[in-house]
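Novice: pasted the sequence and its predicted model underneath.
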Amino acid sequence: MASSSGTSSGSSLIQNSGSEENLQALMDQRKRKRMISNRESARRSRMRKQKHLDELVAQVAQLKKENHQIITSINITTQHYLNLESDNSILRAKASELSHRLESLNEIISLMNSNYGVFGDSSMYNEPPADSFLTPSNMFYLNQPISASADMFQY
């Protein structure tokens, strides 16, 4: 009997150690599987991160390109505006000059009309006028002032 009990306890030890080895092997296999899964997950995460970084770099390049185009457009528009301002300034100066010249011509016409009434007798001058502009038959247009203003040149 003693030998049978010794045998049974020995076989149970072998079963226990076998089951412990199986358990250890199963745990090691799960551990390796988890480690592989974690490595694969980390690799996918790095790939997603790299893809996102690449997209951001492309977006930065696109925004820089758009920014450069906008700056170029602003510079062209600013230059065009400055050219128009310069042209406008020149036109204003010309309009002012023409307005002053018109006033002077109207004053001359007015003086000529008033002087013609006083000195209209051509018998005082024995020589005919050298200019057909001043002949009495052509004086009807002298009574009409030239009308214009600086406002005509602004638009």
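Specialist: Good, I have the coordinates. Remember, it's a predicted structure, so these values are computed and weren't measured experimentally.
Novice: what ranges of this structure fall below the confidence cut-off?
Specialist: For the chain, the stretches with pLDDT under 70 are 1-18, 116-155.
Novice: how near is residue 51 to residue 45?
Specialist: 11 Å (Cβ to Cβ, to the nearest Å). For the C-beta atoms, the positions are set from N, CA and C on the backbone; glycine is no exception.
Novice: hmm, I typed the wrong one, I wanted residue 34.
Specialist: Computed as Cβ to Cβ, the residue 34 to residue 45 distance reads 16 Å.
Novice: likewise residue 67?
Specialist: 32 Å.
Novice: could you do residue 26 as well?
Specialist: Distance from residue 26 to residue 45, by Cβ to Cβ: 28 Å.
Novice: same question, residue 20
Specialist: To residue 45, residue 20 is 36 Å away according to Cβ to Cβ.
Novice: equivalent analysis for residue 98, please.
Specialist: 78 Å.
Novice: what of residue 91?
Specialist: On the measure of Cβ to Cβ, residue 91 and residue 45 end up 68 Å apart.
Novice: neighbour count: those two, which is higher?
Specialist: Shown here are residue 91 and residue 45; by other Cβ atoms under 10 Å, residue 91 has more neighbours (13 against 10).
Novice: element containing that one?
Specialist: helix 2-119 (DSSP states H and E).
Novice: how many residues are close by residue 110?
Specialist: Number of residues near residue 110 (other Cβ under 10 Å) recorded here: 13.
Novice: go on, the one 4 residues further on?
Specialist: Residues within reach of residue 114, counting by other Cβ under 10 Å, total 10.
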